[in-house]
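Trainee: requesting a structural model of the entry that follows:
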Amino acid sequence: DETDPALYGEETPNDGLDNDCDPDTPDADEDGDGVSTEEDCDDTDPDVWQTGAYEGSIESAEDIASFCDGYCERSITGILYTEKYTSDDPNLLSCLTGVGSYIFLYGRSNEDGYPGVDLSGFPNLESVGGGLYINGNPTLTTLSGMDALTQIGDGLTIENNDGLTSLGSFSRLESIGGDI
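Mentor: You can find the predicted model right below:
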């Protein structure tokens, strides 16, 4: 468009526009997220750009709230620990596909006003390198939500979830490397 001052001129890197109207001159940032095509693991999606897994553990509300932003691989190398996490949005970790170490989904007593963990927020979780511990979630009634889980590297512990009435959900689970 020759009437748009942002277009039909010299190519401006990292703006997500084809400024020179020449499709053979690629913009250095196709999705406009400010990360160059060479460094962006998915230059079609402005919400993801970081290659590799999240290095380390996720143990705080801030870590959980920001995890899905930026990572293409959507896995963490360390521990996932959710005790005292009080978000009203159980889907903040819905992008998570794998945890290299252990997952601790610990709740607290209902007296504290904390309902525990809602497993529906883990629809894409496929593997856990260590153990999976689901403990002390008083309002948890079913394990539904971890339907994609295929392997647990160590044990599976489910205890002190007083409202739990159904264990059915791990239909794709192929292996558990430790005790149940």
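Trainee: how far away is the closest residue to Asn91 other than its chain neighbours from Glu59?
Mentor: Distance criterion CB to CB, 6 or more residues apart in numbering; nearest residue to Asn91, sequence neighbours excluded, is Gly121 at 4.9 Å. Quick note: C-beta positions are derived from backbone N, CA and C, even for glycine. According to CB to CB, to the nearest Å, Gly121 and Glu59 sit 16 Å apart.
Trainee: which of these two has more neighbours?
Mentor: Of the pair Gly121 and Glu59, Gly121 is the one with more neighbours under other CB atoms under 10 Å, namely 20 against 17.
Trainee: and Ile134, what helix or strand is that in?
Mentor: strand 132-135 (DSSP states H and E).
Trainee: other residues contacting that strand?
Mentor: 102-107, 117, 119, 140, 143, 152, 155-161 (CB atoms under 8 Å, 6 or more residues apart in numbering).
Trainee: may I see the PyMOL selection of the buried members of those residues?
Mentor: Those of the contacts of strand 132-135 that count as buried under 16 or more other CB atoms under 10 Å are selected in PyMOL with:
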select buried, resi 102+103+104+105+106+107+117+119+140+143+152+156+158+161
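Trainee: count of neighbours near Leu125?
Mentor: 26.
Trainee: next helix or strand past the strand holding Ile134?
Mentor: The first helix or strand that comes after strand 132-135 along the chain, using DSSP H and E, is strand 151-152.
Trainee: each with direction, which strands does the helix or strand that that following strand is followed by pair with?
Mentor: Sequence-wise, the next helix or strand downstream of strand 151-152 (DSSP H and E) is strand 156-159. For strand 156-159, the pairing partners within the sheet under DSSP bridges are strand 132-135 (parallel).
Trainee: tell me how far the partner strand lies from the chain's centre.
Mentor: Relative to its parent chain, strand 132-135 has a centroid offset of 18 Å by CA atoms, centre = their mean, to the nearest Å.
Trainee: now do the helices in the protein.
Mentor: Secondary structure of the chain (DSSP state H): helices at 61-66.
Trainee: remind me which residues of it are low pLDDT?
Mentor: Within the chain, the stretches with pLDDT under 70 are 1-9, 11-16, 18, 20, 23-27, 49-51, 61, 65, 83-90, 108-116.
Trainee: which parts of it are strands?
Mentor: With DSSP state E as the criterion, the chain has strands at 48-50, 70-71, 75-76, 80-81, 98-99, 103-106, 127-128, 132-135, 151-152, 156-159, 175-176.
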